[in-house]
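**Student:** predicted model and sequence follow; I will ask about them next.
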Amino acid sequence: MKLENLSRRKKLVLSILLDVIGMITFIDLFWAPISAYIMTRMYNGNKGKIAGAVSFIEEIVPGLDFIPSFTIMWFLTYVFNKKDNQEPITIKVKSN
């Protein structure tokens, strides 16, 4: 299963779960690269690479584990980004 092909809802649930794992993980040296890799797989292109780097830094720096980087990225992608947020409009036309 490719992570970038998950539905919005499944990505949100996965994001919250991964943030919880990141908050309770005491082995940040182990979790930081895994977190960064998963982030780059969930989001394509440069935004995934940047988010992966931010996630890595957030996990590796002591005291920053409380930041929900996966959930923030989900909101940036699906709530605050107007370009990706546009749903197709269906117009029904009656014919005589």
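**Tutor:** Nice, thanks for sending it over.

**Student:** so who does I21 touch?
**Tutor:** W31 (Cβ atoms under 8 Å, 6 or more residues apart in numbering). In short, each C-beta sits where N, CA and C put it, glycine included.

**Student:** nearest residue to I60 in space, please, no chain neighbours.
**Tutor:** Take I60 and drop its neighbours on the chain: the residue closest to it by Cβ to Cβ, 6 or more residues apart in numbering is A32, 4.3 Å away.

**Student:** same deal with T40?
**Tutor:** G52 (3.9 Å).

**Student:** circling back: now for whatever helix or strand the residue nearest to I60 lives in, which elements pack on it?
**Tutor:** A32 belongs to helix 28-42 when assigned by DSSP states H and E. Counting contacts by 3 or more Cβ pairs under 8 Å, 6 or more residues apart in numbering; DSSP states H and E, helix 28-42 is packed against helix 8-24, helix 45-60, helix 69-78.

**Student:** Y37: which of these is closest?
**Tutor:** Judged by Cβ to Cβ, the one of the helices and strands packed on helix 28-42 that comes nearest to Y37 is helix 45-60, at 7.0 Å.

**Student:** remind me what the closest one packs against, helices and strands.
**Tutor:** By 3+ Cβ pairs under 8 Å, 6+ apart, helix 45-60 packs against helix 28-42, helix 69-78.

**Student:** run the angle between the last one and helix 45-60 for me.
**Tutor:** Pointing back at helix 69-78 there. 160 degrees (axes from the mean of the first three to the mean of the last three Cα atoms, to 10 degrees).

**Student:** and helix 69-78, what's buried?
**Tutor:** The neighbour-count check on helix 69-78 (16 or more other Cβ atoms under 10 Å) flags 69-74, 77 as buried.

**Student:** quick one on the thing from earlier: just give me the neighbour total for the residue nearest to I60.
**Tutor:** 19 (other Cβ atoms under 10 Å).
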